[in-house]
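A.B. asks: Attaching a predicted model along with its sequence, questions to come.
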Amino acid sequence: MKNVVLLGSTGSIGTSTLKVAEDLPDRIRMIGLAAGNNAELLLEQTRKFEPAAVSLGDPARASGLRAVLGSTPRVFSGPEGLLELATLPAADIVLIAIVGTAGLQPALAAIRAGKDIAVASKEILVMAGEIVMEEARRCGVQVLAVDSEHSAIFQCLDGKPPSSVRRLVLTASGGPFRSTPKSEFPSITLERALKHPSWVMGPKITIDSATLFNKGLEMIEARWLFDVGMDRVSVVVHPQSIIHSMVEFIDGSIIAQLSTPDMCLPIQYALTYPERIESDRVQTNFPRIGSLTFEEPDLDRFPALGLARRAGEIGGTLPAVLNAANEVAVAAFCQGRSSFEGIAGTVSRVMGAHQVVLHPSLAQILEADTWARCEAERG
């Protein structure tokens, strides 16, 4: 039985995690649930899973939840609530599925409290991969991947050392604009950008998938998770989204992990690792799929990949700046204040204006994050 704390229980990853917990009641016990502001869904989840503690982002809504629930479970709120849940003494693993940068401090707190962490919030390793992985090594805990791509690589590596790897190959669906001519990009609407061909996700990650910034962030995340240089991380477009990623070893062998797209599979693997537990949720029918195809990503139409590679190669505070500028630019697009093409343009401009600090402290990373947000808002 694993005692699990879930930060981000009402989002797409969070609700999928709770499906896995429902499937495996003898294996997974949810002892902590944290949500942003969806008090109604958190209340429903709390009554179903009976965690020891819950948390809401908004203190006022947390007070209302406390009035309904009484003294059990304990109800926390705000950033402090996330830290309380991340360090619950009974927790074995903390799954962090919070969009954006809010998961970084809870991740470090969980690691320092001796908890394994499962990372669905790629911003954690993009911003502070060097610090997070060093702390995990120092504290003797595991950092497990929840993203389908990184879970695939983890499964393919199966404990092999970084020295055995020629390259990691992240697959990308190509998003909704894989075949769209660049001349049409200025007219791309929010509605079109939110229609992903393979996955059902929240709006931020869906827009990131349309620009391929999501894949760029995953490149940097893979660099830290698997301790390889950016020169050994590559991307291939695979529209069917059946191969979730591959590892090419130094002898030329390539191992891939395949399945019908379903986030419950990598979530279950992270929560039950090192075991594999029987589940009928994911079924893959190769004759029905028919064929698997591959393409080189178009770096001209999708400059996000080049920007991410540059940020990962230079390192220091630059990945945090890329991430923060992208968050602001995506929000501007969603609010109608910027064009689809303007997302990459904003990120490129902010990265170009940044004075990089190499091997930064956490305080310097957070300072760079704040600076980048202000710079990106300037338009």
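C.D. replies: Yep, it's here. Numbers count the residues shown, from 1 in each chain.
A.B. asks: Ser55 and Lys115, how far apart?
C.D. replies: Counting by CB to CB, to the nearest Å, the separation of Ser55 from Lys115 is 16 Å. Backbone N, C-alpha and C define where each C-beta goes, glycine included.
A.B. asks: Which one's more surrounded, the two?
C.D. replies: For the pair Ser55 and Lys115, the greater number of neighbours falls to Ser55 (30 against 22), based on other CB atoms under 10 Å.
A.B. asks: Check the spacing between the more buried one and Ala270 real quick.
C.D. replies: When CB to CB is applied, the distance between Ser55 and Ala270 equals 21 Å.
A.B. asks: Check Val5 too.
C.D. replies: Per CB to CB, Val5 is found 13 Å from Ala270.
A.B. asks: Find residues that contact each of those two.
C.D. replies: Both Val5 and Ala270 are in contact with 93, 95, where contact means CB atoms under 8 Å, 6 or more residues apart in numbering.
A.B. asks: These two: who's more crowded?
C.D. replies: Per other CB under 10 Å, whichever of Val5 and Ala270 has more neighbours is Val5, with 32 against 26.
A.B. asks: what's across from the more buried one in the sheet?
C.D. replies: With DSSP bridges as the criterion, Val5 is bridged to Gly32, Val94.
A.B. asks: okay but it is in contact with Leu95, surely?
C.D. replies: Yes: Val5 sits in contact with Leu95 when judged by CB atoms under 8 Å, with a separation of 7.1 Å.
A.B. asks: Report the buried residues of stretch 95-102.
C.D. replies: Buried residues in stretch 95-102, defined by neighbour count with 16 or more other CB atoms under 10 Å: 95-99, 101-102.
A.B. asks: measure it end to end?
C.D. replies: Distance between the boundary residues of stretch 95-102 (CA to CA, to the nearest Å) amounts to 13 Å.
A.B. asks: How about residues contacting it?
C.D. replies: Under the contact criterion CB under 8 Å, 6+ apart, stretch 95-102 has outside partners 4-9, 11, 13-14, 17, 34, 36, 79, 82, 103, 106-107, 110, 117-121, 123-124, 127, 146, 202, 204-205, 267, 270-271, 323-324, 327, 369.
A.B. asks: One more pass at 6 Å, please.
C.D. replies: Defining contact as CB atoms under 6 Å, 6 or more residues apart in numbering, one finds that stretch 95-102 is touched by 6-8, 11, 13-14, 17, 103, 107, 118-121, 123, 204.
A.B. asks: For the lowest-mean-pLDDT helix or strand in the chain, name the packing helices and strands.
C.D. replies: When each helix and strand of the chain is scored by mean pLDDT, DSSP states H and E, helix 203-211 comes last, with a mean of 91. In this structure, helix 203-211 packs against no helix or strand, with contacts taken as 3 or more CB pairs under 6 Å, 6 or more residues apart in numbering; DSSP states H and E.
A.B. asks: Centre of the chain to that helix, how far?
C.D. replies: Taking CA atoms, centre = their mean, to the nearest Å, one finds helix 203-211 lying 12 Å from the centre of the chain it belongs to.
A.B. asks: ok, now stretch 230-238?
C.D. replies: Centroid displacement of stretch 230-238 relative to its chain, using CA atoms, centre = their mean, is 17 Å.
A.B. asks: Quote the end-to-end distance of stretch 106-126.
C.D. replies: Terminal residues of stretch 106-126 are spaced 15 Å apart (CA to CA).
A.B. asks: And the helix or strand harbouring Pro79, how far out from the chain middle?
C.D. replies: Element membership of Pro79 [criterion: DSSP states H and E] is helix 78-86. In this view, helix 78-86 has its centroid 19 Å away from the chain centroid, taken as CA atoms, centre = their mean.
A.B. asks: Ile117: neighbour count?
C.D. replies: That count, for Ile117 with other CB under 10 Å as the rule, works out to 27.
A.B. asks: That one belongs to a strand?
C.D. replies: Yes: when the secondary structure is assigned by DSSP: H, G, I helix; E, B strand; the rest coil, Ile117 falls within a strand.
A.B. asks: That one bridge partners, please.
C.D. replies: The residues listed as beta-bridge partners of Ile117 by DSSP bridges are Val94, Val143.
A.B. asks: How much space separates it from Val169?
C.D. replies: Using CB to CB, Ile117 is found at 25 Å from Val169.
A.B. asks: same check, this time on Met230
C.D. replies: Taken as CB to CB, the spacing of Met230 relative to Val169 amounts to 14 Å.
A.B. asks: which one of those two has more residues nearby?
C.D. replies: Neighbours per residue (other CB under 10 Å) separate Met230 from Val169, with Val169 holding more: 24 against 18.
A.B. asks: Look at that one and give its secondary structure.
C.D. replies: At Val169, secondary structure determined by three-state DSSP is strand.
A.B. asks: Could you find the closest non-adjacent residue to it?
C.D. replies: Met246 (4.2 Å; CB to CB, 6 or more residues apart in numbering).
A.B. asks: just to revisit the earlier point, tell me which helix or strand comes right after the least confident helix or strand of the chain.
C.D. replies: Beyond helix 203-211 on the C-terminal side, the first helix or strand identified by DSSP H and E is helix 213-225.
A.B. asks: Report the rounded mean pLDDT for that next one.
C.D. replies: Along helix 213-225, the predicted local confidence has a mean pLDDT of 97.
A.B. asks: CA atoms only: put that helix into CSV for me.
C.D. replies: The C-alpha trace of helix 213-225 is given here as CSV (Å, rounded to 0.1, in the frame of the first residue of the first chain):
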residue,chain,number,x,y,z
PHE,A,213,6.7,24.6,-26.3
ASN,A,214,5.5,21.6,-24.3
LYS,A,215,8.0,19.4,-26.2
GLY,A,216,10.7,22.0,-25.6
LEU,A,217,10.1,22.0,-21.9
GLU,A,218,10.1,18.2,-22.0
MET,A,219,13.6,18.3,-23.6
ILE,A,220,15.0,20.3,-20.7
GLU,A,221,13.1,18.1,-18.2
ALA,A,222,14.6,14.9,-19.8
ARG,A,223,18.1,16.4,-19.6
TRP,A,224,17.8,16.5,-15.8
LEU,A,225,15.7,13.4,-15.1
